[in-house]
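J.: have a look; sequence and predicted model below, questions after that.
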Amino acid sequence: MEDMVFSALQRNFTIPVRDPLWGHIYLTPGLASLTESAPFTRLHRIYQLGPACYVYPGATHTRASHSIGVYHLARRLLISLCEKGASWLSPTGVLSFLSAALLHDIGHFPYTHSLKELDLDDHEKLSAGIILSEPIKNLIGKAGADPELTAAIVDKSKENAKGNTELEFYRQLLSGVLDPDKLDYLNRDARYCGVPYGAQDVDFIFSRLYPNRERGVTIDSRGIPSVESILFSKYLMYRTVYWHRQVRSATVMIKKALLAALEQRIIVAEELYNLDDQGLFSLMAAKQRDFPDFVLAEKVREGRLYTEIVSFFFDKQKHAALLPIKNRKDQETRLTEEINRITSGKINADSIIIDVPEPVSFETDLFVKDENCTFGESSSAFKKNTVEAFVQSLRKIRIFSEKSFEIPQNILQNYKYEV
């Protein structure tokens, strides 16, 4: 079986793809056919970082290039783990994992995470649905993989009815502390944004990873700096790129328009699935006459982003009322009324948007085998309170407005602590 698994990972990888980050990436003819399908080619029309290109003009790389990069690292990871004794893997299983890595974002929403908080199906569920539909299902089978296993690796909500330990192993490989997804997007996003923060030493990381049937992978203490690098790089990328104030402005403008449209049934959820970036803007432009709120999308498309008026750190007790996204419109109206009452101004409620970023996680549950403990309990300087401080320093409430003005301090203080 072990020889058959090595053969499945090394035989017939004859189709080259030239990637600016990893060089030549090789696929089998069957895997290459997946990248030529209509569902996958949609990913070529979705920017990986959405509106980040307004801040970093080079950030025009796509979900497709990222997906191919994740596949490449997944294959390298599997080869390394097989060489270190992952004897429980099967030929069909490894090809299913490679298919899952290649297709993990195939159901992703357009325009990065602007749709994430809306009442929509998770993109992992959408990806699994596409994997189990034609033409992808048939193409996966022809590639030597199992469509059901591929879908279950991507969508963890699918019940593992047979207690398949190989499935659980692949799930942990695809989503963990040192997973191929994170290793690609940190390196790729940093490269295209022109910032140094995301670069990771993939060769060394793979040399310190060891297969574990229950945990997925473990590391030894020599690999601790690699985890520290991942954590700090992710922190810096969120701080400087992913949650840059202008990126947040564009994101929250799109989100506000779509939330209102969904609530009023100007559009329904199914219309947003399977769109690319241009398709999303075209949908909103077509309905703008009947729903003026979509002018926000037009402003984003033209780069006319709202200005950050003020920001302050999120406090889960003081700001609990802002957590449900549907509550924020009332808070925006209240804030506008208070400002207009004191300043005798004429600020329109639609001119103010409150942004509350979703929680961000920093996974630290990797097991350090020679110290017999998890990473958070290891000799690393990155203890639990350090990671919590990362999260706290990143998560800021921002108030954006169409026009720049100063919010009176008495209003701001009441608003900050009594929402």
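T.: Here it is on my side, so go on. It should be emphasised that the depicted structure is a prediction, and the values quoted were computed from it without experimental measurement. Numbers count the residues shown, from 1 in each chain.
J.: from now on I want contacts and neighbour counts done on CA atoms only, so please keep to that.
T.: OK.
J.: now do the strands in the stretch 201-350 of the chain.
T.: Here the stretch 201-350 of the chain has its strands, by DSSP state E, counting those that start in this stretch, at 209-212, 216-219, 307-313.
J.: most packed of the ones you listed?
T.: strand 216-219 (a mean of 23; mean count of other Cα atoms under 10 Å).
J.: which elements pack onto that strand?
T.: Helices and strands touching strand 216-219, by 3 or more Cα pairs under 8 Å, 6 or more residues apart in numbering; DSSP states H and E, are helix 165-174, strand 209-212, strand 367-368.
J.: can you list the strands that whichever helix or strand comes after the shortest one pairs with?
T.: Of the helices and strands lying after strand 367-368 in sequence (DSSP states H and E), the nearest is strand 373-374. In the sheet, strand 373-374 lines up against strand 367-368 (antiparallel) (DSSP bridges).
J.: re the thing from before, got a markdown table for the strands of the stretch 201-350 of the chain, with distance to residue 199 and mean pLDDT too?
T.: Below are the strands of the stretch 201-350 of the chain laid out as a markdown table (distance: least, Cα to Cα, whole Å; pLDDT from 0 to 100):
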| stretch | distance to residue 199 | mean pLDDT |
| --- | --- | --- |
| strand 209-212 | 18 | 96 |
| strand 216-219 | 20 | 95 |
| strand 307-313 | 28 | 91 |
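J.: quick one: residue 91 and residue 170, what's the gap?
T.: Distance, residue 91 to residue 170, by Cα to Cα, to the nearest Å: 13 Å.
J.: okay, those two: which has more neighbours?
T.: Per other Cα atoms under 10 Å, whichever of residue 91 and residue 170 has more neighbours is residue 170, with 26 against 18.
J.: just for the chain, where's the confidence low?
T.: Counting by pLDDT under 70, the ranges of the chain that qualify are 1-2, 161-163, 344, 349, 408, 410-419.
J.: again, 80 this time
T.: In the predicted model, the chain carries pLDDT under 80 at residues 1-2, 112-114, 159-164, 342-350, 404-419.
J.: all helices of the stretch 1-150 of the chain, in order?
T.: Ranges of helices in the stretch 1-150 of the chain, per DSSP state H, counting those that start in this stretch, are 2-10, 29-35, 38-41, 63-83, 91-103, 123-131, 136-142, 147-154.
J.: for those, which one sits closest to residue 208?
T.: Among the helices of the stretch 1-150 of the chain, the nearest to residue 208 by Cα to Cα is helix 63-83 (9.9 Å).
J.: hmm, who's touching that closest one?
T.: 2, 6, 9, 19, 22, 25-26, 40-41, 43-48, 94, 97-99, 101-105, 174, 180-181, 183-185, 188, 206-207, 209-211 (Cα atoms under 8 Å, 6 or more residues apart in numbering).
J.: those residues, buried ones only, as a ChimeraX selection?
T.: Those of the contacts of helix 63-83 that count as buried under 16 or more other Cα atoms under 10 Å are selected in ChimeraX with:
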select :2,6,9,25,26,40,41,43,44,45,46,47,48,94,97,98,99,101,102,103,104,105,174,180,181,183,184,185,188,206,207,209,210,211
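J.: good, wrapping up.
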